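Participant: Below are the sequence and a predicted model for it; my questions follow.
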Amino acid sequence: MEGARPQEAPLVRCPVCMWELPAAHINSHLDGCLQQQLAAEQPERSPQPSSKKMRLCGPPAGSSEEQEGGSGPSPSPVFPLFHKGRAAAASLGAPGRAGGGDAGQERGASPAPGFSEPGGRSTALSGETVAQKLEGKPLADKLRPDTLGDYVGQEQVLGAHTLLRSLLEAHEIPSLILWGPPGCGKTTLAHIIANNSKKNGTRFVILSATSAKTNDVRDVIKQAENEKRLFKRKTILFIDEIHRFNKSQQDTFLPHVECGTVTLIGATTENPSFQVNSALLSRCRVIVLEKLSVDAMEAILIRAIKSLGIQILGQDEQHIGSANGSNSKSSESPVYIEEKAISTLSYLCDGDARTGLNGLQLAVQARLTAGKISHWTSTQGSSVDGIFITEDHVKEGLQRSHILYDRAGEEHYNCISALHKSMRGSDENASLYWLARMLEGGENPLYVARRLVRFASEDIGLADPSALTQAVAAYQGCHFIGMPECEVILAQCVVYFARAPKSIEVYSAYSNVKACLRNHQGPLPPVPLHLRNAPTRLMKDLGYGKDYKYNPAYKEPVAQEYLPEELKGMDFFKGRRM
Ligand SMILES: Nc1ncnc2c1ncn2[C@@H]1O[C@H](COP(=O)(O)OP(=O)(O)OP(=O)(O)O)[C@@H](O)[C@H]1O
C-alpha cells in the first residue's frame, strides 16, 4: 500500500544497537554508539565535562536525591528530570497492546532496536546519531513490529481470548481478509503472521494488487501446488490492496483457496462486501481492524522516539529559549521532544500509524537540518542545551489538515449517510457537522448537492414541494461558483432540509409499485385497450382507445379504470387493495 520507493543504499547492521543504516555511516555511528554505551554503563565514573550536562545528568540542585545520593552512584543519568510526565509513564504502560504478555510484565511497547535502556531510561543521543538512524528506509518500515508482542491495539480482534489469536498461536491460519483504514496495521499483521508461520515451514508470498498481473498470480499458484505436492509445504499468499484486483482476477485464485493450495490473506481499505468477489469472500474470514486509538498511537510514537535515542521532556517542566552563546555543535547536541508534541501528533494522525511516524520523522529531520540549539530550563532549575522538537514542529511535519477523509472509500459513504440521516432526523446541528466534515475533507460539493436533490424528494417530498427547487438551485449555485464559496449554499440547503416537514408518502408508494412489478409472476398484464392511443385505422379496428372517457369533456368525476384489470383496486399508497 505504499508507493514505489527510490533505490535505497545497501544497509548494514550496527553490532551494538542492531540498527540498520547505510554502510557509509557505520563507522561514525559505531563511535557514537560505543560512547553512549560506555556512558550508560559508567555514568558516575566518567563525569561529563560540561557543567550544564552535569546538571542535567544529576538530580536537580538542592533536591533530596542530591543530598542523599552524596558521592554514590546516581540511579540514572537523565531520568530524574523527566520521569514525571505522562510520557514517562506511558513508556512503561502503553495501552491496548495486542501482544498482551505476563501480568507482571511491563505493558509498554518493547524497546525497538537501538533503544538500549529498557524500563524507560534512555540517554538523549546526539543529533548526528539520530540523523544516521533516520537514513535509509522510512521510520515506519524500520519499526514495523515482527511479533504480536509489539503489535499495539486492535484488541477486539487480537486480544487474549479472541479467535484469531488462538488460531495464530496454534499456527492454524485460515484465509483472511484484513479490512481497515490506512496505516492501522493490516500489512504489519500479515508480516507478523508470516514470521509466525515461517517457524513451521510455511512459505509466505507477497503480491501487491497494484502491480501484480494475473500471470503473477498463476505463477505463485503453480509454485504453491508444486511445494504442496513435493514437499508438503503450505503457502500463504498475501495480497495487498486486494480490492484493486478486478473480479475476474480474483476468480483466478478462488479454486486454489477452496482446495487449500494457498491460504489467502488479503488487505483492503475498502468494504470487502463490495470489492471482493462474493464466492471468495465466503471462503475467507473478514477481520475488521480499526483506526488506532490515540493511546495506541502514543505508544507507537514513544517506541519510535526511544528507538531514535530522543529524550522526552515532561509537560510541566520546560521552558525553551534560544541558546545564546552556546558553543556546542548541533551535530553533537542531544535531541529532545516535548511530551505535548507526542500527544498532539497522536491526535492529529487520526489513527494512522504511518502518518504519525512519517510526521515524526519529518519533524525530527527538519529540526536536525535547521540545527538550531535551544536552551531548556526545568522548574527545578536544571538546564540543558540541545535540539528541541515542539508541538509546532510536529504539526509542520504532518503538513496536512487533521480532518482526514477518504473521498474514494468507506468514509465517503459513511459521512453522506450520516448527513442524510441527520437531515431526516431534523437535527440541524448534526446535519451541518457532517456537511462540513465532508467539504473540509475535500469532498466534491456537486456530489453533496446531487444527494440533496435526491433527499428533497425521498424525505421531504410533497410535505414541502419547494424543497426540490431549493436542492436544484443549490446544485446549480455550486456549479456556478465552486468551492469554497459554494459551501454556504449547501449549508443553507442542508439546514432548510433539516427544518423542513418530512413526508415519504411518494417515495414509499413508488417503492410499492416497484415491488409489485418485481414480484409479479408470469407475463406483465397488457395495457388496457381503452388507455391505448389509436393513431392508425388498424389500431382503431383492434379496439385501441375504445370507450376511453376524455376527462375534460365531463363535468362530473369520471368512473374509469386506469390500472390493468388484475390490479384493479390496488392502492400503492396504502400498500394494499382498497
Ligand atoms: N498495530 C500496530 N502496532 C505497531 N505499529 C504499527 C501498528 N500498525 C501500524 N504500525 C506502524 O505503521 C506502519 C504502517 O502500518 P501498515 O503498513 O501495517 O498499515 P496498513 O494498515 O497496511 O496501511 P495501508 O492500508 O495504508 O497499507 C508500520 O510499518 C508500523 O511501523
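Facilitator: Perfect, thanks for sending it. Numbers count the residues shown, from 1 in each chain.

Participant: Figure out the length between the terminal residues of stretch 285-301.
Facilitator: Terminal residues of stretch 285-301 are spaced 30 Å apart (Cα to Cα, to the nearest Å).

Participant: try stretch 134-144
Facilitator: Per Cα to Cα, the first residue of stretch 134-144 is 14 Å away from its last.

Participant: so for it, what's the average pLDDT?
Facilitator: Averaged over stretch 134-144, pLDDT sits at 80.

Participant: That one and the ligand in contact?
Facilitator: Yes - contact of stretch 134-144 with the ligand (Cβ under 6 Å from any ligand atom) involves A140, D141, L143, R144. Just so you know, the C-beta spots here come from the backbone N, C-alpha and C atoms, and that holds for glycine as well.

Participant: Only the buried residues of the lengthiest helix in the chain, if you could.
Facilitator: Longest helix in the chain by number of residues (criterion: DSSP state H): helix 353-370. Neighbour counts over helix 353-370 (16 or more other Cβ atoms under 10 Å) mark 353-365, 367-368 as buried.

Participant: The helix or strand following it - what's its average pLDDT?
Facilitator: Downstream of helix 353-370, the first helix or strand assigned by DSSP states H and E is strand 374-377. The pLDDT scores in strand 374-377 average 72.

Participant: Packing partners of the next helix or strand after strand 374-377?
Facilitator: Sequence-wise, the next helix or strand downstream of strand 374-377 (DSSP H and E) is strand 383-389. In terms of contacts (3 or more Cβ pairs under 8 Å, 6 or more residues apart in numbering; DSSP states H and E), strand 383-389 is packed against helix 51-57, strand 335-338, helix 353-370, strand 374-377.

Participant: could you redo the last one with a cut-off of 10 Å?
Facilitator: helix 51-57, helix 127-133, strand 311-313, strand 320-322, strand 335-338, helix 339-348, helix 353-370, strand 374-377 (3 or more Cβ pairs under 10 Å, 6 or more residues apart in numbering; DSSP states H and E).

Participant: How far does it sit from its chain's centre?
Facilitator: 33 Å (Cα atoms, centre = their mean, to the nearest Å).

Participant: what's the answer for stretch 267-277, then?
Facilitator: Averaged C-alpha coordinates place stretch 267-277 at 15 Å from its chain's average position (Cα atoms, centre = their mean).

Participant: First-to-last residue distance for that stretch?
Facilitator: 14 Å.

Participant: For that stretch, give the mean pLDDT please.
Facilitator: The model assigns stretch 267-277 a mean pLDDT of 81.

Participant: what does the stretch 151-300 of the chain have sitting close to the ligand?
Facilitator: The interface of the stretch 151-300 of the chain toward the ligand, taken as Cβ under 6 Å from any ligand atom, is made up of 151-154, 180, 182-188, 267, 269, 300.

Participant: Break down the stretch 151-300 of the chain into its helices, ranges please.
Facilitator: With DSSP state H, counting those that start in this stretch as the criterion, the stretch 151-300 of the chain has helices at 155-158, 163-169, 186-198, 214-226, 247-258, 272-275, 278-281, 294-308.

Participant: which regions of this structure lie under the pLDDT threshold?
Facilitator: Across the chain, the ranges flagged by pLDDT under 70 are 1-124, 127, 136, 315-332, 371, 378-381, 397, 399-410, 577-578.

Participant: per the record, what domains does it have?
Facilitator: 38-144+293-398, 154-288, 410-503, 520-577 (automatic domain parsing).

Participant: Please identify the buried residues of the helix or strand containing L517?
Facilitator: L517 belongs to helix 505-519 when assigned by DSSP H and E. For helix 505-519, burial by neighbour count (16+ other Cβ under 10 Å) applies to V506, N512.

Participant: From the contact counts, what lies against it?
Facilitator: In terms of contacts (3+ Cβ pairs under 10 Å, 6+ apart), helix 505-519 is packed against strand 570-571.

Participant: Which other helices and strands does the strand it packs on contact?
Facilitator: Judged by 3+ Cβ pairs under 10 Å, 6+ apart, strand 570-571 is in contact with helix 505-519, strand 576-577.

Participant: Which residues belonging to stretch 137-150 are considered buried?
Facilitator: Buried positions in stretch 137-150, judged by neighbour count with 16+ other Cβ under 10 Å: L139, A140, K142, L143, R144, P145, L148, D150.

Participant: what's the distance between the closest residue to T202 other than its chain neighbours and the ligand?
Facilitator: For T202, ignoring the flanking residues on the chain, the nearest one in space by Cβ to Cβ, 6 or more residues apart in numbering is K234 at 4.5 Å. Distance, K234 to the ligand, by Cβ to the nearest ligand atom, to the nearest Å: 23 Å.

Participant: for Y475, same thing?
Facilitator: For Y475, the distance to the ligand - Cβ to the nearest ligand atom - is 34 Å.

Participant: residues touching that residue, list them.
Facilitator: When contacts are counted by Cβ atoms under 10 Å, 6 or more residues apart in numbering, Y475 touches P445, L446, V448, A449, R450, R451, L452, V453, C486, I489, L490, C493.

Participant: Near the ligand, which residues of this structure? Just list them.
Facilitator: With Cβ under 6 Å from any ligand atom as the criterion, the chain comes near the ligand at residues 1, 140-141, 143-145, 151-154, 180, 182-188, 267, 269, 300, 353-354, 357.
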